[in-house]
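**Q** Need a 3D model of the following:
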Amino acid sequence: MVLLDHIASGLIFSSIIVLGSIGLSLVYSIADFANFAHGDTMTVGAYSAFVAFGFVGGLGGAVLGLPFGFFAALLVGIVAAAVVAVVTEKVVYEGLDVDSIGMLITSIGIAFVYRALVQMYFGADPVRYDIQALRPIEWLLPYEIRVTQHDVAIVVSAAVLVTGLHVLLQYSDLGRKMRAMADNPDLARVSGIRTDRIKLWTWIIGAGLAGAGGVFLGLYNLLNPRMGFDLLLLIFAAVILGGIGSVYGAMLGGFLIGMIHELVPLFTQLGTVLPLVPDSFAIPISNQYASAVAFVIMVVVLLLRPRGIAGEAV
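**A** Below is the predicted model:
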């Protein structure tokens with residue numbers, strides 16, 4: 001069925017959105033500002049992996065159709081994004097004596113800097129990882145589901161990263177301190193928690209997840225200097241829909257926004273997807289308006305639940 005193919009595409013795209021949304025939500029809940037450079041941090045991770053893969057792509061072996069070299073490059077992309085975010089925090093954000101709005105405006109400038117540097121070095125033309133394209137998985141073709149092992153690798157890797165974050169937040173000392181600081185930073189500080197160190201770890205984890213999302217976005221599509229910026233509004237929509245400051249809300253919001261974005265094209269072919277629905281009921285919405293439809297649904301949900309699906313708790 002065409003529906004199953006779009007659901008599969010939605011699951012893949014949602015995996016990328018979720019990784020970006022979690023990082024943005026973490027930074028917002030602990031650093032207390034909306035980081036507009038988050039999307040371009042994803043771009044930094046993607047291009048760092050692109051460079052690394054040029055050196056390690058010849059490593060033998062493969063997992064889910066991807067060479068071991070790609071996963072080594074993925075690790076480089078995660079580390080590079082985290083390092084860039086930490087350096088930016090130390091050099092720029094930490095010394096600023098401004099409110100959240102001032103930090104937000106500063107982050108917009110940082111985003112332009114990231115993007116300009118990437119474009120200066122790599123140019124504006126799209127590039128791709130030097131990875132052999134794969135045919136769709138054979139046993140899924142009778143169901144009209146056209147996904148490759150690369151797509152499965154994206155979903156599985158994202159699930160592993162999200163599960164690791166859940167374990168960190170719920171069962172580690174660092175996770176408990178992060179949740180305490182997100183709930184009440186002043187109380188956390190007087191309780192003896194070293195909030196500066198927790199904020200630093202927040203940047204590392206949030207940017208690292210964003211870097212992973214950028215690497216997977218480059219595998220899913222192509223790499224270009226605007227790739228993270230073009231995804232940023234959808235990531236913000238996911239965070240707002242899930243509940244600003246809620247990591248688990250960001251996961252749910254990212255999943256919903258990603259699925260909606262990929263299911264929108266079905267509105268133009270309701271008669272094919274739902275045989276009992278006449279073709280006259282099809283809604284003529286172009287794929288280019290998928291993001292707009294996702295935002296409309298976000299607004300409707302927020303009208304019914306203003307604080308988002310999961311409220312504000314981490």
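**Q** Would you state the strands of the protein in chain order?
**A** Counting by DSSP state E, residue ranges of the strands within the chain are 62-63, 66-67.
**Q** for these, which one ends up most surrounded?
**A** When you average the neighbours per residue for each of the strands of the chain (mean count of other CB atoms under 10 Å), strand 66-67 leads with a mean of 22. The way it works is simple: take the backbone N, C-alpha and C, and place the C-beta from them, glycine included.
**Q** what pLDDT does Pro265 get?
**A** Reading off the per-residue confidence, Pro265 sits at a pLDDT of 70.
**Q** Sorry, wrong one. I was asking about Tyr47.
**A** 96.
**Q** what's the neighbour count on it?
**A** Applying other CB atoms under 10 Å, we find 27 residues neighbouring Tyr47.
**Q** Go ahead and confirm it touches Leu117.
**A** No. In this structure, Tyr47 sits apart from Leu117 without contact. The criterion is CB atoms under 8 Å, and the distance is 9.7 Å.
**Q** can you list contacts of stretch 124-135?
**A** Counting by CB atoms under 8 Å, 6 or more residues apart in numbering, the neighbours of stretch 124-135 from elsewhere in the structure are 49-50, 53-54, 57, 65-67, 70, 73, 148-150, 218-219, 222-225.
**Q** between the strands of the chain, which gets the lowest average pLDDT?
**A** Taking each of the strands of the chain in turn, the lowest mean pLDDT turns up on strand 62-63, with a mean of 72.
**Q** So in that sheet, which strands flank that strand, and in what orientation?
**A** Based on DSSP bridges, the strands next to strand 62-63 in the sheet, each with its direction, are strand 66-67 (antiparallel).
**Q** Now Ala133, what are its backbone angles?
**A** Per-residue torsions, Ala133: phi -70, psi 150 (degrees, to the nearest 10).
**Q** distance of it from Ala49?
**A** Taking CB to CB, to the nearest Å as the measure, Ala133 falls 18 Å from Ala49.
**Q** which one of these two has more residues nearby?
**A** Set side by side, Ala133 and Ala49 show unequal neighbour counts under other CB under 10 Å, the larger going to Ala49 at 31 against 8.
**Q** Do I have it right that that one meets Ala72?
**A** No. Under the contact definition of CB under 8 Å, Ala49 does not touch Ala72, with a separation of 9.1 Å.
**Q** Need the residues touching each of these two.
**A** Among the neighbours of Ala49, none is also in contact with Ala72 (CB under 8 Å, 6+ apart).
**Q** How many residues are close by Trp203?
**A** By the criterion of other CB under 10 Å, Trp203 has 26 neighbours.
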